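Trainee: next comes the sequence, and after it the predicted model I'd like to discuss.
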Amino acid sequence: MNFHTRKWVKPEDLNPNNTLFGGRLLQWIDEEAVIYAIVQLQNKKVVTKYISEINFINAPKQGDIIEIGIIAISFGKTSITMRCEVRNKLNLQPILSIDKLVFVSLDEIGKPFPHGKTKIDLNC
């Protein structure tokens, strides 16, 4: 699993329980995943198709530093499927896991586009 993105949990990221708002974390994950998909597919026109069950394990608090890990697990004709894990950077405590995130490559008019990729670039 590649952990490229780190986020610092700030006051504006908190919910009424003073823990990280789940919607904010999902925003960060979706952004990281689409960037990963764009790099893997070498296409700027990529959209989120599917996100499987989201397992919230631990709630980060203000001041925590979290890191988002994404790894490609397979390609479809027009899609890429990834897995995601989020953990606390300092103590490596798991925060969240998602088994499947599927992104679709699009052509210039917004229709699914065969990307021709068959091998995951581990350097992304």
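Mentor: In hand now; what should we look at?
Trainee: any idea how many residues pack against residue 65?
Mentor: Residue 65 has 13 neighbours, counted by other CB atoms under 10 Å. Where you see a C-beta, it was placed from the backbone N, CA and C, and this is true even at glycine.
Trainee: quick one: pLDDT of it?
Mentor: Here, the pLDDT recorded for residue 65 equals 98.
Trainee: cool, residue 49 as well?
Mentor: Note on residue 49: pLDDT of 97.
Trainee: do a quick rundown of the strands in the chain.
Mentor: Taking DSSP state E to define them, one finds strands in the chain at 2-8, 46-51, 54-56, 65-75, 79-88, 94-105.
Trainee: CSV for those, including distance to residue 38?
Mentor: Converted to CSV, the strands of the chain look like this (distance: least, CB to CB, whole Å):
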stretch, distance to residue 38
strand 2-8, 13
strand 46-51, 5
strand 54-56, 22
strand 65-75, 12
strand 79-88, 10
strand 94-105, 9
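Trainee: tell me, how many residues neighbour residue 113?
Mentor: Using other CB under 10 Å, residue 113 has 18 neighbouring residues.
Trainee: what about the closest residue to it other than its chain neighbours, distance to residue 122?
Mentor: Once flanking residues are discounted, residue 113 sits nearest to residue 107: 4.0 Å by CB to CB, 6 or more residues apart in numbering. Distance of residue 107 to residue 122, computed by CB to CB, to the nearest Å: 27 Å.
Trainee: more neighbours, these two?
Mentor: Between residue 107 and residue 122, counted using other CB under 10 Å, residue 107 has the larger neighbour count: 12 against 8.
Trainee: isn't the more buried one right next to residue 78, touching?
Mentor: No: at 9.4 Å, residue 107 does not count as touching residue 78 under the criterion of CB atoms under 8 Å.
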